[in-house]
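Engineer: I'll drop the sequence and a predicted model, then ask my questions.
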Amino acid sequence: MYEMKPEYYTGIEMIDKEHARLFELVQQTSDLLNDEYLLDKANEIVGLVSELINYTRTHFSHEEEYMEKIGYAGIKDHIPQHRKFEDKLMEIDLEAIENDFEHQDETVEDLLGFLLNWLVDHILYVDMKYVKK
Ligand SMILES: [Fe+2]
Ligand SMILES: [Fe+2]
């Protein structure tokens, strides 16, 4: 199960809720990878990637507003990391996924690894910096 662990909580309710939703999307990616009955996963992959793009944008804008509001000095280094992640998601070639039936699982596996690494690292080492202890 991919879900929030105690060390991921910032204590800021809105942020924690949104991070939890991102973990749900990671879990959905994992479920899709493990679905042996679905032969063509293209529609699901496209749907998941769009949802990820939409939801991360929403979350990032809320987080950026929050950092602005508390006058967090590290915001300048933080924002480019959000943009970089968005760019990575945008780089996923959805058309290739639709046409390349045989490598769909590989694509989902790569996506899962990328999402999980990024999310956990970003929450623990980047987001946590704006949390006032
Ligand atoms: Fe962030
Ligand atoms: Fe975040």
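Structural biologist: Received the coordinates, thanks. Residues are numbered from 1 along each chain as shown. Ligands and ions are numbered 1, 2, ... in the order given.

Engineer: mean confidence for stretch 45-55?
Structural biologist: Average pLDDT, stretch 45-55: 94.

Engineer: my bad, should have said stretch 124-133
Structural biologist: 91.

Engineer: can you check stretch 97-109 too?
Structural biologist: Rounded mean pLDDT across stretch 97-109 is 87.

Engineer: So what touches it?
Structural biologist: 29, 32, 33, 40, 41, 42, 45, 46, 92 (C-beta atoms under 8 Å, 6 or more residues apart in numbering). Yep, even glycine has a C-beta here, placed from its N, CA and C like the rest.

Engineer: mind listing the helices for this structure?
Structural biologist: According to DSSP state H, the chain carries its helices in the segments 13-34, 42-69, 75-91, 94-99, 104-121.

Engineer: Going by neighbour count, which residues of stretch 102-121 are buried?
Structural biologist: Residues 104, 107, 108, 111, 112, 115, 118, 119, 120 are the ones in stretch 102-121 that count as buried (16 or more other C-beta atoms under 10 Å).

Engineer: Kindly report the same for stretch 71-82.
Structural biologist: 72, 78, 82.

Engineer: on that earlier part again, please spell out the ChimeraX selection for the buried subset of the contacts of stretch 97-109.
Structural biologist: Burial among these is assessed by 16+ other C-beta under 10 Å; the matching ChimeraX selection reads:
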select :29,32,33,41,42,45,92
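
Engineer: restrict the contacts of stretch 97-109 to contacts with ligand 1.
Structural biologist: By C-beta under 5 Å from the ion, no member of the contacts of stretch 97-109 lies near ligand 1.

Engineer: Spell out which parts of this structure neighbour ligand 1.
Structural biologist: Within the chain, the positions adjacent to ligand 1 are 63, 127 by C-beta under 5 Å from the ion.

Engineer: what's the closest non-adjacent residue to the closest residue to ligand 2 within the chain?
Structural biologist: Ranked by C-beta to the ion, the top residue of the chain for proximity to ligand 2 is residue 127, at 4.4 Å. Computed as C-beta to C-beta, 6 or more residues apart in numbering, the closest residue to residue 127 that is not its neighbour in sequence is residue 10, at 6.3 Å.
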